[in-house]
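**Q** Mind folding the following:
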Amino acid sequence: MYKCELIYRLRKPSTMSRILLSGGQVYDPASKTFSRADVAISHGLVEAIGTDLEVSDEHIDAEGQYIAPGFIDMHCHVFNHPLFQTSRLEADRIGVRQGVACVVDTGSAGPTTIDAFETFVRDTQHTHAYALCNIGSPGLPGIDGGHASRPELVSLSGTVKAIERHPDWILGVKVLASSSHTGGLGIEAVRIGRKAAALTGKPLMVHIGNAPPVIEEILELLRPGDIVTHSYHGKVGGVLGYGGTVIPEFRDAVDRGVIVDIAHGRSSFSFDTCAAALDQGMPVHTISSDLHGGNLNRYVVSLARTMSKFRLLGLSLEDTVYAVTCKPAATLAIPNQGTLEVGQPANLTVFAETDRAVEVEDAEGVVRTTSAWIEPHLTIVNGQVHSVSETL
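**A** Below is the predicted model of the structure:
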């Protein structure tokens, strides 16, 4: 049992004015390396990073721990509006209580519902919460055939106006480009999303799944900085073509700066697909969970568990941390996230990595066993310390 876990597992969030985390391995985003140091936090900001810093009002012994910028889950579903019968989660359930300082809801709300995100999520949760606006109509009852399946369900003007109303927390545009979501509208839904992104200067995130539309058409529309999510699902017609070879359109998209996001989900991540893509030189830019009520207790469970799967697949700890901190923060221009610098808001995750062997499952039901297990212990949001208390 680690020292900070013993002390803080059951306590309430700290509101002390000055906190010292001593003896941890502190992540340097610039070099993507860890080195031993202390971190002092004062009034919600990082006050100092160094050695032998003075003990503060509250002292956290981080010996044997890693201290990183706060983990970011850039694809999950937390628009927990009581009027909508959905499987959305409270942000804190998969946020501060699981070591995640910031979450991005990717498309649970569309132009007609997204105004309520501020009231029901941002104003009620400790976890930093942002959103991507769905071009369709998620959250509305009685919609058949997919929420972007018919022209009357998709609104270019509504999406643009929503972002104009809330430019500080709507960070981009979301399109679910698969047969179950776009229906007969197909690739036109992606074109509308791309136009909304262009008009607002925001990135476009595109969900890929079962065709139509086919992946080649989708990828051709994506620009540098856009995001392809569920990148390594195991469905037919994904990034792997005949014989398991990465399709040239995916290589071209990566080469021109399209972001590769994981978004594990209930049906959107395959160990075998990802391993084959990695073997052929394809990247993992951002690691995200796609957590919702349907995969909270199986398949995904937490962002940390998803990170551990990538350690199993051969990513270094440093690259894994980068993919849930600096890279998502830069991709979506999330303010005050992905940094660990003096003078910046203290949004941090304190975690350990052990050699614990855990059987973990992908979305295809394939089970592998970890040898490196990432276990968050504390989440610090604007200097307030929260214990990790939920299943990982």
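
**Q** element containing the nearest residue to Ser179 once chain neighbours are set aside?
**A** Excluding the flanking residues, the one nearest Ser179 by C-beta to C-beta, 6 or more residues apart in numbering is Asn210, at 4.9 Å. C-beta coordinates here come from the backbone N, C-alpha and C atoms, glycine included. Using DSSP states H and E, Asn210 maps to neither a helix nor a strand.

**Q** isn't Asn210 right up against Ser178?
**A** Yes: the pair Asn210 and Ser178 passes the contact test of C-beta atoms under 8 Å, sitting 5.1 Å apart.

**Q** if we can go back for a sec, share the number of residues neighbouring the residue nearest to Ser179, please.
**A** Neighbour count of Asn210, defined by other C-beta atoms under 10 Å: 14.

**Q** check contacts around it.
**A** Going by C-beta atoms under 8 Å, 6 or more residues apart in numbering, Asn210 touches 178-180, 235-237.

**Q** Can you lay out those residues as a markdown table showing distance to Arg311, secondary structure and pLDDT?
**A** Listed next are the contacts of Asn210 as a markdown table, based on distance: C-beta to C-beta, whole Å; DSSP: H, G, I helix; E, B strand; the rest coil; pLDDT from 0 to 100:
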| residue | distance to Arg311 | secondary structure | pLDDT |
| --- | --- | --- | --- |
| Ser178 | 29 | coil | 88 |
| Ser179 | 34 | helix | 87 |
| Ser180 | 32 | helix | 83 |
| Lys235 | 25 | coil | 95 |
| Val236 | 28 | coil | 95 |
| Gly237 | 29 | coil | 95 |
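
**Q** closest to Gly24 among those?
**A** Lys235 (41.0 Å; C-beta to C-beta).

**Q** What is the burial count for that closest one?
**A** 18.

**Q** need the contact list for it.
**A** Contacts for Lys235 (C-beta under 8 Å, 6+ apart) come out as 209-210, 267.

**Q** I'd like to know how far it sits from Ala211.
**A** 9 Å (C-beta to C-beta, to the nearest Å).

**Q** Quick check, Ile192 in contact with Ser157.
**A** No: using C-beta under 8 Å, Ile192 is not in contact with Ser157; the gap is 10.3 Å.

**Q** Have a look at these two and say which one is more surrounded.
**A** Ranked by neighbour count (other C-beta under 10 Å), Ile192 and Ser157 place Ile192 first, with 21 against 10.

**Q** Which helix or strand lies directly C-terminal to whichever strand or helix holds the more buried one?
**A** Per DSSP H and E: Ile192 is located in helix 187-200. The element immediately downstream of helix 187-200 (helix or strand, assigned by DSSP H and E) is strand 204-208.

**Q** And that following strand, what does it pack against?
**A** Here strand 204-208 touches strand 170-177, helix 187-200, helix 215-221, strand 227-229, going by 3 or more C-beta pairs under 8 Å, 6 or more residues apart in numbering; DSSP states H and E.

**Q** Now with 10 Å, please.
**A** If you count contacts as 3 or more C-beta pairs under 10 Å, 6 or more residues apart in numbering; DSSP states H and E, strand 204-208 packs onto strand 71-76, strand 100-106, strand 128-134, strand 170-177, helix 187-200, helix 215-221, strand 227-229.

**Q** shared neighbours of Asn210 and Ser178, anything?
**A** 233, 235, 237 (C-beta atoms under 10 Å, 6 or more residues apart in numbering).

**Q** Nearest to Phe79 among these?
**A** Nearest to Phe79 among those, with distances taken as C-beta to C-beta, is His233, at 23.0 Å.

**Q** ok, and the closest non-adjacent residue to that closest one?
**A** Per C-beta to C-beta, 6+ apart, closest to His233 is Ser268, 4.4 Å.

**Q** can you check Arg18 too?
**A** Nearest to Arg18 is Ser56, by C-beta to C-beta, 6+ apart, at 3.9 Å.

**Q** Give me the phi and psi for the nearest residue to Ala357 once chain neighbours are set aside.
**A** Residue nearest to Ala357 in three dimensions, not counting chain neighbours: Thr369, with 5.3 Å by C-beta to C-beta, 6+ apart. Dihedral angles of Thr369 (phi, psi; degrees, to the nearest 10) stand at phi -120, psi 130.

**Q** Could you give the bridge partners of Thr369?
**A** Beta bridges link Thr369 to Glu359 when assigned by DSSP bridges.

**Q** residues contacting it?
**A** Taking C-beta under 10 Å, 6+ apart, one finds 312, 356-360 in contact with Thr369.

**Q** so which of those comes closest to Ile163?
**A** Val360 (36.6 Å).

**Q** and the gap between that closest one and Gly294?
**A** 17 Å.

**Q** Between these two, tell me which one has more neighbours.
**A** Each of Val360 and Gly294 has its neighbours counted (other C-beta under 10 Å); Val360 has more, 19 against 15.

**Q** distance of that one from Phe250?
**A** Going from Val360 to Phe250 by C-beta to C-beta gives 25 Å.

**Q** Tell me where the chain is predicted with low confidence.
**A** 1-16, 83-86, 141-142 (pLDDT under 70).

**Q** other SSEs contacting the helix holding Ile192?
**A** strand 128-134, helix 156-165, strand 170-177, helix 179-182, strand 204-208, helix 215-221.

**Q** Which stretches in this structure count as helices?
**A** Here the chain has its helices, by DSSP state H, at 3-8, 91-94, 116-117, 156-165, 179-182, 187-200, 215-221, 248-255, 271-279, 303-312, 317-322, 326-332.

**Q** Format the ones you listed as a markdown table; extra columns: distance to Ile227.
**A** Listed next are the helices of the chain as a markdown table, based on distance: least, C-beta to C-beta, whole Å:
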| stretch | distance to Ile227 |
| --- | --- |
| helix 3-8 | 34 |
| helix 91-94 | 20 |
| helix 116-117 | 19 |
| helix 156-165 | 16 |
| helix 179-182 | 16 |
| helix 187-200 | 10 |
| helix 215-221 | 12 |
| helix 248-255 | 10 |
| helix 271-279 | 16 |
| helix 303-312 | 17 |
| helix 317-322 | 16 |
| helix 326-332 | 7 |
